[in-house]
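Novice: Sequence plus the predicted model coming up.
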Amino acid sequence: MKFGRISVMAVAATAALGLAACGGGTSGGSGGGSGSVKVGIKFDQPGLGLKAGADYTGMDVDLAKYIAKELGYAGTEFVEAVSAQRETLISTDQVKYIVGTYSITDARKEKVSFAGPYFIAGQDLLVRADDTTITGVDSLAGKKLCSVKGSTSATNVQKKVPGVNLQEYNTYTLCVDALKAGNVDALTTDDTILAGYAAQEANKGKLKVVGKTFSTENYGVGLKKGDVEFCKKVTDAITKYISSGEWQKAVDKNLGPAGYKPGAGNPPTPAACS
Ligand code: GLU
């Protein structure tokens, strides 16, 4: 006796349900899948990746969720990905992908692969509101600067201003605290991140963004090195995110309140995976 079409489909559906119940799809394999997916994001960057209790908000959070949905995952489990830990989190399978103000660079491509870019930012400076002495990267001589370990911000500024007095912390919020306390004179990282801090209720009137960018930061979605199949799926999701208007909506909703306007080249066209 042959199986009818209906009964074959019923068996397939049951198998799929069984997989979902086991939480399959969180690791291994290249495709999307059932179950929830572990995604690395920032926890302390307002407008980008911010954790408040059980709530996660920001442009990167919205894209992370969109990608998970497009790839067929049932949900997202967010893991904090501080700058210096990102490559390790990916290569040791602690997360499937990272959406965390993660600039695509050749050095990082030695360890991970990227889908994107999905956004272009630029490095800038955050100073105390009453500071008139720091007007750009050229006025940092003799100043104490803060940035974060493992970030392009730290490496860029050291190249631009050799011998700069740079303190490297683990997170940007630690730099914000040091800036407000007068322990450093400026914080340098992407303008997106700085705009978020300057607009925070606790910092209003206390901090200002200088407004002279001195780098190009192409944000990508970090994933397992060489997983071209997965990279292509994420790239398709990003492309659809942009063409459907969701990208613009997310930018307006998350960066708008801080008065941030995306610069030239936005939204970018994601590159081919290799
Ligand atoms: N986009 C830069 C980077 O990937 C700075 C922001 C960050 O540390 O997340 O290093």
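Specialist: Nice, I can see it.

Novice: I figured residue 168 hits residue 144, correct?
Specialist: No - counting by CB atoms under 8 Å, residue 168 sits too far from residue 144 to count as a contact (12.0 Å). Glycine gets a C-beta too; all of them are placed from N, C-alpha and C.

Novice: my guess is residue 88 is in a strand, correct?
Specialist: No - using DSSP: H, G, I helix; E, B strand; the rest coil, the assignment for residue 88 is helix, not a strand.

Novice: What is the neighbour count of it?
Specialist: 14 (other CB atoms under 10 Å).

Novice: Now for it: which residues touch it?
Specialist: By CB atoms under 8 Å, 6 or more residues apart in numbering, residue 88 lies in contact with residue 94.

Novice: How much space separates residue 111 from residue 151?
Specialist: Going from residue 111 to residue 151 by CB to CB, to the nearest Å gives 15 Å.

Novice: who's more crowded, these two?
Specialist: In this view residue 111 and residue 151 are compared by other CB under 10 Å, and residue 151 has more residues nearby, 25 against 14.

Novice: Please name the residues that touch the residue of the stretch 151-274 of the chain found nearest the ligand.
Specialist: Closest residue of the stretch 151-274 of the chain to the ligand, CB to the nearest ligand atom: residue 151 (3.4 Å). Listed by CB under 8 Å, 6+ apart, the contact set of residue 151 reads 83-84, 189.

Novice: tell me the helices in the stretch 151-274 of the chain, going along the chain?
Specialist: 152-160, 172-181, 191-199, 228-243, 246-255 (DSSP state H, counting those that start in this stretch).

Novice: how about those helices in a markdown table, adding mean neighbour count and mean pLDDT?
Specialist: Putting the helices of the stretch 151-274 of the chain into a markdown table (neighbours: other CB atoms under 10 Å; pLDDT from 0 to 100) gives the following:
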| stretch | mean neighbour count | mean pLDDT |
| --- | --- | --- |
| helix 152-160 | 19 | 96 |
| helix 172-181 | 19 | 98 |
| helix 191-199 | 25 | 98 |
| helix 228-243 | 19 | 98 |
| helix 246-255 | 18 | 98 |
